[in-house]
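[1] sequence first, then the predicted structure, then my questions.
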Amino acid sequence: EKTTTMNSNSNNNSSSNNSSSSSEPEVAALHRQIADLQAENERLRTEHSNLSKFVRKRQASVLERSVYDEKEFSESMKELDDASLTVVVIGASGHLARTKTFPALFKLYSTGLLPKHTHFVGFARSKLARDEFLGRLKFKHAGEDDVAEFKARCYYRPGQYDSTDDFKSLSEFCSSIEKHGDGSRANRIFYFAIPPSMFEFTAASVKDGALSSTGFNRIIVEKPFGKDSASSAALSKVLLRHFSEKQLYRIDHYLGKEMVQNLMFLRFANQVFEPLWNRHYINSIIITFKEHDGVEGRGGYFDEYGIIRDVMQNHLTQIMSLVAMEPPVSLDAEDIRDEKVKVLRAIPPIKMEDLVVGQYGPAEDGSHESYTQDKTVPDDSITPTFATAVMYVNNPRWRGVPFILKCGKGLNERKAEVRIQFNSFAGAAFDFEKHEIARNELVMRLQPDESIYLKVTTKSPGLSEKPEQTELNLTYKSRFKLSNLPDAYERLILDVARGDHHLFVRNDELEHAWAIYTPALHALEKAHQKPLTYPYGGRGPKESDDLIASKGYIRYANYKWHSMDVMSPPPC
């Protein structure tokens, strides 16, 4: 019996040892499975956190709420989110890319307005390492985490603009990072931050070596779009040889400014203005662009083009076409651009007697040098830094109304505005015969201090019967709780991603705009005369004021507009 018991115990111990031995691999496997599950859980947690962060940014974005209809915006972004997006900045080491393009891309990405799978690739001839390139990108008022997240999606590839092989290599690199997205569609935007002289061979290289085969390809080109009708036509021919008009986005950043956008709403969403928006009630329209600074060491580019080509032919002419156009059939891009073209076609070339050009001399107090004293400007330069031109739109609405475009550098202030002066009120001469009654003016201030104000005449407060000129004032920063209006480049680049053309210049717009200016530009160059001199920090040549006055405009020098810094919105 004792022997049997001992044998039984021995068998039980043996069985226990065998069981323990056989369970060790199972336990180890179980631990590995637990570790794998924990790792997967952590990965999903991180992915969810990143996605939540992305969604919170998009929902909190001031740009989304203030610029786009929420339903329209979300639908367009959902379509983009289903694919990867690569933004290739060609000329990435240059001044424009560093100061305008990449800061706009950073703002769009950091506020969640670009697709989740977006990458940014700089391409230029400079042989830079990625870290060196990223070190050159600086962003104002940006959090460290946002900057680090954005730069993690930025890359740099050196290469030659005329090398198809270099662009093929660029395309292969883009494909390698695009695999992080949906995989089925890879959209690409190519931003030409390079001089127009490089467009021809760069466009050919992009077309032959870098286009996506699975998604859209969109090309952004910067002004200047030529120097006259012939050079503009040649440039358009080059671009259209490689890309369709639908793929091209000719960017004029002034069209992306908040108040330029507001022109459409002001005109067509307010019944009070449309009956007055014609030659029967409007005396003149002045569109002004004034810069206080001179060229300040950047005269190389400017001296080649001058103020008419640099500002008037594009920025001011585009604004004028929006002010003067007829109501479009719809707010679709092509319908809007069709009406702008009709305006430009109705404007005859500028007459020399309706043009004043000037060049700033030294400041009267000696605090600033003249244009030709700048080291980057030739001593004998006759390039205008100031111009005033008067033109007419020959159609039933505007016949006889002078459109006065005025722009310059080295002036007394920084300002851009549209000023519509109405006709004098005939009855006022009899009702208020002892007083001068000023004309009403509607002013849209584009920069700085974006605002719309209507100058009206009221009675001076108190016992006086004296009329006083004042205004009904809508100042954006006072009326709207917007701490961060979108920069023009942000708005325009986002519209490229969404495929919206209405803020971009079409080929026939360029053709008809250049037809207005080319004869006068050629006449100036043929005459080879030095422009009128005006002191730095002044209003410009006196002859400009004389020309404007001769067209019927009355300037009220005693009136001073004041931006409203504090104004509580009325209760709803």
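    Nice, I can see it.
[2] now stretch 115-127: how far from the chain's centre is it?
    20 Å (CA atoms, centre = their mean, to the nearest Å).
[3] quick one: buried residues of it?
    Across stretch 115-127, burial judged by 16 or more other CB atoms under 10 Å covers Pro115, Lys116, His117, Thr118, His119, Phe120, Val121, Gly122, Phe123, Ala124, Arg125. Heads up, the C-betas are built off the backbone N, CA and C, glycines and all.
[4] just want the phi and psi numbers for the third one.
    I take that to be His117. phi -100, psi 60 (degrees, to the nearest 10).
[5] so it is in contact with Ser84, correct?
    Yes. The criterion here is CB atoms under 8 Å, and His117 meets it with Ser84 at 4.1 Å.
[6] just for this protein, where's the confidence low?
    Along the chain, segments meeting pLDDT under 70 span 1-23, 43-79, 179-183, 427-434, 481-485, 557, 561-572.
[7] before we move on, the earlier item: which pair of the buried residues of stretch 115-127 spans the longest distance?
    Largest separation among the buried residues of stretch 115-127 by CB to CB: Lys116 and Arg125, giving 31.7 Å.
[8] strands along the stretch 51-200 of the chain, start to end?
    84-90, 118-124, 154-158, 186-192 (DSSP state E, counting those that start in this stretch).
[9] ok, now the stretch 451-572 of the chain?
    In the stretch 451-572 of the chain, the strands defined using DSSP E, counting those that start in this stretch lie at 451-459, 467-475, 532-535.
[10] and those: which comes nearest Leu355?
    Of the strands of the stretch 451-572 of the chain, nearest to Leu355 by CB to CB is strand 532-535, at 11.3 Å.
[11] that closest one: how far from the chain's middle?
    So, by CA atoms, centre = their mean, the centroid of strand 532-535 is 32 Å from its chain's centroid.
[12] could we number from 723 for the rest of this?
    Noted, 723 is the first residue going forward, which turns the last one into strand 1254-1257.
[13] so what strands line up beside that strand?
    The pairing partners recorded for strand 1254-1257 under DSSP bridges are strand 1077-1083 (parallel).
[14] among the strands of the stretch 1173-1294 of the chain, which comes closest to Gly978?
    It's strand 1173-1181; of those, that one is closest to Gly978 (CB to CB) at 18.1 Å.
[15] now the closest one: buried residues?
    Ser1173, Ile1174, Tyr1175, Leu1176, Lys1177, Thr1179.
[16] one more: stretch 1004-1022?
    Neighbour-count burial for stretch 1004-1022 [16+ other CB under 10 Å]: 1004-1013, 1016-1017, 1021.
[17] which of those sits closest to Ser1089?
    When the buried residues of stretch 1004-1022 are ranked by distance to Ser1089 (CB to CB), Gly1016 comes first, at 11.6 Å.
[18] and that closest one, which of the three is it?
    The three-state label given to Gly1016 by DSSP: H, G, I helix; E, B strand; the rest coil is coil.
[19] and the closest residue in space to it that isn't next to it in sequence, how many neighbours?
    What sits nearest to Gly1016 in space, not counting adjacent residues and going by CB to CB, 6 or more residues apart in numbering, is Gly1132, at 4.3 Å. For Gly1132, the count of nearby residues is 29 (other CB atoms under 10 Å).
[20] surely Gly1132 touches Glu1018?
    No. Using CB under 8 Å, Gly1132 is not in contact with Glu1018, being 9.7 Å away.
[21] so Phe1011 sits in a strand?
    Yes. Membership of Phe1011 in a strand is supported by three-state DSSP.
[22] how much space between it and Arg1136?
    Taking CB to CB, to the nearest Å as the measure, Phe1011 falls 10 Å from Arg1136.
[23] and the helices in the stretch 873-1022 of the chain?
    Here the stretch 873-1022 of the chain has its helices, by DSSP state H, counting those that start in this stretch, at 886-900, 921-931, 951-964, 980-990, 1021-1029.
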